[in-house]
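J.: sharing a model that was predicted from the sequence below.
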Amino acid sequence: MFKYLFVIVMLWHSLFGLTQAFAINSNDIMKLKKAGVSDRIIKKVINSNAIARALISVDEIVEMKKAKIGDEIMLAFIDQGGASAPELDREDAEDRALNRRIKREEERLQLQKKEFNLLTEYISKLITNPEIIKLVHEGKIASEDYAGIVKYLKQYAKEEETLEYGDEGDIKIDIDKR
């Protein structure tokens with residue numbers, strides 16, 4: 001849940017150019033140092049990007065220091081807010097890789113859909129071919145066999161099992177080969 005909220009906040013910030021307003025700057029660092037905040041805490045705030053992620057503000061850190069809250073507690077507070085900047089970079093890279101895999105899979109599915117549509121179109125043309133219909137009307141292909149062929153082709157197009165028809169083929173077609 002936190003990850004999705006973070007993504008939304010970051011998108012909102014980037015769209016409206018507000019990331020600079022929330023990023024820690026040199027004035028903030030000087031304010032923290034003047035308040036007596038240790039270099040360790042300042043470094044943690046910078047590395048975790050806690051200010052930009054709005055987990056804590058510079059003023060809140062100063063208030064904690066005035067209240068004599070120890071470094072370990074402040075570090076724990078910053079840590080509990082989420083991943084550090086390097087961890088977020090890794091997560092972003094993983095998200096981009098996942099998005100690429102999803103895009104490739106969507107493209108593969110689109111190609112399969114096109115193949116299926118072409119196959120369906122071809123089978124439809126084959127089934128309704130006037131010459132085949134003529135052979136049925138002339139009795140050279142039995143209507144039951146024609147119905148079986150149609151059923152078989154439809155099952156084939158849908159990639160359904162065609163158990164009724166063995167490899168040797170049991171559909172007999174009596175076509176005069178002249």
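T.: Thanks, I have it.

J.: just for the chain, where's the confidence low?
T.: 1-22, 53-54, 81-88, 159, 162-178 (pLDDT under 70).

J.: longest helix anywhere in it?
T.: The single longest helix within the chain, with elements called by DSSP state H, is helix 85-127.

J.: next one: that one to chain centre, how far?
T.: A distance of 10 Å separates the centroid of the chain from that of helix 85-127, by C-alpha atoms, centre = their mean, to the nearest Å.

J.: list the helices and strands the helix or strand just after it packs on?
T.: Once helix 85-127 ends, the next helix or strand along the chain (criterion: DSSP states H and E) is helix 130-137. Contacts defined by 3 or more C-beta pairs under 8 Å, 6 or more residues apart in numbering; DSSP states H and E place helix 130-137 against helix 143-157. (C-beta placed from N, C-alpha, C; glycine too.)

J.: give me the buried positions along the helix it packs on.
T.: Residues of helix 143-157 classed as buried: Asp145, Tyr146, Gly148, Ile149, Tyr152, Leu153 (neighbour count, 16 or more other C-beta atoms under 10 Å).

J.: likewise for stretch 95-106?
T.: Using 16+ other C-beta under 10 Å as the test for burial, stretch 95-106 gives no buried residues.

J.: so what's Val136 closest to, chain neighbours aside?
T.: Closest residue in space to Val136, ignoring its immediate chain neighbours: Tyr146 at 4.8 Å, by C-beta to C-beta, 6 or more residues apart in numbering.

J.: gap between that neighbour and Asn129?
T.: Using C-beta to C-beta, to the nearest Å, we find Tyr146 at a distance of 11 Å from Asn129.
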